[in-house]
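Novice: A structural model of the following input is requested.
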Amino acid sequence: IKLGSNTCGCNWNWKMMALDISFDKVGVEATNKKQKSSNDNKEEIISQLRPSLFPNVPPFINFQAPNQRYDNFISFDIPWNLWTVISNPLLIQCMTRAGFRMKMVSEVSYSNLTGAIWDVVDSKTRFLRFLKITKSPTEAFRLLAGVANSKDLLKMNKEVKINRLPGFTSICRKDELARNHKIYRKKFGENEFNFVPETYVLPENRSKLLQCMTRAQIPEAPNIREIPGMNKPTQWIVKPTNQARGEGIYLIDNIFDLPSDDESRKDITYAIAQKYISNPYLIRGHKFDMRLYVLVTSVDPLMVYIYGDGLARFATEPYSTDSLDIRNNCIHLTNATINKENNESYLDGDQEDEFSGFLWTLSMLKEYLTMAGVDWNNIWSQIQDIVRKTIILGYSSMRVEGEEVTSSYNCYKLLGLDIMLDSDLKPWVLEVNTDPSLCADPVDANLKANMIAEMFNIVGFHIPQEIARKNKSDIISQYPEFAELSYDMKVYEKPAKKAVNLTDEEMSEYLESDHIEASDIHLLMKAEEELSQTKEFTRLLPNNSTSRYLQFLGKDIHADRLLDMWEKVKQRKDNCLENLKHSFARNMHCDRDNQMPRMKMPANKNPYTPVKVVFVVVI
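Specialist: Purely as a prediction, here's the structure:
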């Protein structure tokens, strides 16, 4: 990797590890027939700082896509705080080219950190870091437990941004995803929630699974075990609850292969057993799934984006349900980690065949299916629906755990959703990955490089105050138009919960008025700033057609209803965004008096009852 003053403006003093890929081979400007990108190779000149849509809001750092470069560069040296040495060239280039400098986390608290935190680290590595810092195993274990409950996010410096959101284990752990799906399906019905296969949590539900598997046996079979060599639809897939990359996953078709439920054993497995989708949609006889990238920038209100491209990952051996092939993971699993080792042509395939190899982009898959007469728009619509609902499955937990996070600036999360199509083209959610791999292969280097830059632009990074003071003269000389230079705490302070419950008509009237509260203006500002940076990302929640999803969120969702109605108001009123900007110009966003709502309420809906006060003077 060529990093130096011309590239990133900082001194490179890290000892680089041997990388799996190099920019020279699969760099973001590499051409490959499978990288079907709409971007041409023409270089675009952009500014390092971009203005806010709103007055009195400081500028944002403008992250560069592969075909972009700055007109002028300021070496801010904004801290990019890491838990471990990072070797992903796409992330390194994106952050350092924007003026960030790598820095190892050396404290157990985030209260003194500014800039960015890239928190992608396994529990073992995190524990060892805690142990090195505290010199106490007991304290290291206590801190690790706090991370599991997101307690480490509650005392964050308000100027730092981290790629974590509280409560996401409720959908990223396979057992929690299954439990929540079952709860929502019972409450709202199978017509709405029927996209996670039948699942049993082990060892908790082992007896129920045994009954289910026993009922599925053939009466004339001599014992409970399936007859070898016969094709059976009653296969189950066992997955550890908290592992990734296909580790520990295997198929079973008999009760003898179930993990033990003896809790006294040290090797007891905490896992799920999921009914295997035995009728997958096949392409050229091979099973595949899709990796989709979903960005969540806020929980209250819920703001969710999906990237327009992704990956299609194929099993490297032809599909079979024969019980003799049940332990061949290269037939049944699509994980790249497993299949790369099985086939040397995993990435390239036949160079003369555009649709060869076992790793495609989603745009390739769309083109192939469209050529085969499949209605891709219908599939994509179904996928968007279940992505929204998958995030909603964890909404309650995320909202409760995130209540004490006091700034809306701090947290965001990129997720990797694995989705498979069955033979009826129905999409199923297989799992939600908390830290999807952003390391690139030749097939997806351009895709991921563009996605990373767009993600950082959507979540929006300001210059920390101390960094802005050090670089004030350089910033003013290059950007004299900016009245504010650094992060402004007031813009991102979370408001107190509101008990106001307006009807849709009243909410619409309120948003079209000149009396929107400061805290609501901040919500609308953040939503509009993020939306302005979308290119390949599409906002799934909220948009002008997602009102029906509010029913799944429960009560006291003022912020979600506000943004939902705002999308509708924007459609019918052209100047509503300009009115919002004028509100900032009048410095309404600096008004912190939230004791008395300034909403214009209909006369018969006034929640404040006049009280007659009588003063009695006693002499």
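Novice: counting neighbours, what do you get for the closest residue to Tyr409 other than its chain neighbours?
Specialist: Nearest non-adjacent residue to Tyr409, counting by Cβ to Cβ, 6 or more residues apart in numbering: Tyr492, 3.8 Å away. Backbone N, C-alpha and C define where each C-beta goes, glycine included. Counted by other Cβ atoms under 10 Å, the residues lying close to Tyr492 total 19.
Novice: repeat for Gly416
Specialist: Using other Cβ under 10 Å, Gly416 has 20 neighbouring residues.
Novice: the helix or strand harbouring it: partners in the sheet, and parallel or antiparallel?
Specialist: For Gly416, the host element (DSSP states H and E) is strand 413-421. The partner list of strand 413-421 in its sheet, established with DSSP bridges, is strand 288-298 (antiparallel), strand 427-433 (antiparallel).
Novice: could you measure from Phe193 over to Asn62?
Specialist: Counting by Cβ to Cβ, to the nearest Å, the gap from Phe193 to Asn62 is 40 Å.
Novice: list the residues that contact the residue nearest the centre of the chain.
Specialist: The residue lying closest to the centre of the chain (Cα atoms, centre = their mean) is Leu414, at 2.7 Å. By Cβ atoms under 8 Å, 6 or more residues apart in numbering, the contact set of Leu414 is 163, 293-295, 436, 455.
Novice: measure it to Asp385 for me?
Specialist: Taking Cβ to Cβ, one finds Leu414 at 20 Å from Asp385.
Novice: try Thr534
Specialist: 19 Å.
Novice: give me the phi and psi for the residue nearest to Tyr409.
Specialist: Torsion angles at Tyr492 (phi, psi; degrees, to the nearest 10) stand at phi -110, psi 10.
Novice: distance check, it against Gln48.
Specialist: Using Cβ to Cβ, Tyr492 is found at 22 Å from Gln48.
Novice: tell me where the stretch 201-350 of the chain is predicted with low confidence.
Specialist: 216-233, 244-246, 261-269, 343-350 (pLDDT under 70).
Novice: oh, I was asking about the chain
Specialist: Applying pLDDT under 70 to the chain flags residues 1-41, 216-233, 244-246, 261-269, 343-352, 497-500, 585-619.
Novice: max-length helix in it?
Specialist: Secondary structure of the chain per DSSP state H: the longest helix is helix 376-393.
Novice: elements contacting the helix or strand that that one is followed by?
Specialist: Where DSSP H and E defines the elements, the next helix or strand beyond helix 376-393 is helix 395-401. Under the contact criterion of 3 or more Cβ pairs under 8 Å, 6 or more residues apart in numbering; DSSP states H and E, helix 395-401 touches helix 169-172.
Novice: then the helix it packs on to CSV, C-alphas only?
Specialist: Only the C-alpha atoms of helix 169-172 are listed here, as CSV (Å, rounded to 0.1, in the frame of the first residue of the first chain):
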residue,chain,number,x,y,z
THR,A,169,-27.5,-8.5,19.8
SER,A,170,-31.3,-8.8,19.7
ILE,A,171,-31.0,-9.5,16.0
CYS,A,172,-27.3,-10.4,15.5
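Novice: which residues sit against that helix?
Specialist: Residues outside helix 169-172 that contact it (Cβ under 8 Å, 6+ apart) are 148, 176-177, 180, 390-391, 393-394, 396-398, 415, 432-434.
Novice: tabulate the CA atom coordinates of stretch 558-573 in CSV.
Specialist: Extracted as CSV, the C-alpha positions of stretch 558-573 are listed here (Å, rounded to 0.1, in the frame of the first residue of the first chain):
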residue,chain,number,x,y,z
HIS,A,558,-43.3,10.7,18.4
ALA,A,559,-40.0,11.0,16.6
ASP,A,560,-40.9,8.2,14.2
ARG,A,561,-44.4,9.6,13.5
LEU,A,562,-42.8,13.1,13.0
LEU,A,563,-40.4,11.8,10.3
ASP,A,564,-43.0,9.7,8.7
MET,A,565,-45.4,12.7,8.3
TRP,A,566,-42.5,14.9,7.2
GLU,A,567,-41.9,12.6,4.2
LYS,A,568,-45.5,13.1,3.2
VAL,A,569,-45.5,16.8,3.7
LYS,A,570,-42.4,17.1,1.5
GLN,A,571,-44.3,15.4,-1.3
ARG,A,572,-47.1,17.9,-1.3
LYS,A,573,-45.4,21.1,-0.2
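Novice: pull the residues that contact it.
Specialist: Residues outside stretch 558-573 that contact it (Cβ under 8 Å, 6+ apart) are 300-303, 497-498, 500-502, 504, 507-508, 511-512, 520, 523-524, 527, 542-544, 546-547, 550, 553, 576-577.
Novice: please apply the same query to stretch 377-384.
Specialist: 290, 292, 306, 366, 369, 419, 421, 425-427, 538, 540.
Novice: if you set the cut-off to 10 Å instead, what comes out?
Specialist: Contact with stretch 377-384 is made by 195, 281, 290, 292, 304, 306, 308, 310, 362, 365-366, 369-370, 375, 417, 419, 421, 425-427, 429, 538, 540-541, 543, 546, as judged by Cβ atoms under 10 Å, 6 or more residues apart in numbering.
Novice: please check those residues and keep the buried ones.
Specialist: Using 16 or more other Cβ atoms under 10 Å as the burial test, the contacts of stretch 377-384 include 195, 281, 290, 292, 304, 306, 308, 310, 362, 365-366, 369, 417, 419, 421, 426-427, 429, 540-541, 543, 546 as buried.
Novice: surely Val120 is within a strand?
Specialist: No. Remark: Val120 does not belong to a strand; assigned using DSSP: H, G, I helix; E, B strand; the rest coil, it is coil.
Novice: over to it: give its phi and psi.
Specialist: Backbone torsions for Val120, taken as degrees, to the nearest 10, come to phi -130, psi 100.
Novice: quick one: Tyr200 and Tyr281, what's the gap?
Specialist: To Tyr281, Tyr200 is 25 Å away according to Cβ to Cβ.
Novice: quick one, what contacts the residue lying closest to Trp428 once chain neighbours are set aside?
Specialist: Once flanking residues are discounted, Trp428 sits nearest to Met420: 5.2 Å by Cβ to Cβ, 6+ apart. Shown in contact with Met420 (Cβ under 10 Å, 6+ apart): 197, 277, 280-281, 287-290, 334, 426-430.
Novice: also Ile463?
Specialist: Applying Cβ under 10 Å, 6+ apart, we find Ile463 in contact with 49, 58-61, 74, 76, 78, 99, 114-115, 159, 469-471, 475, 485-487.
Novice: repeat the analysis, applying 7 Å as the threshold.
Specialist: 61, 76, 78, 485-487 (Cβ atoms under 7 Å, 6 or more residues apart in numbering).
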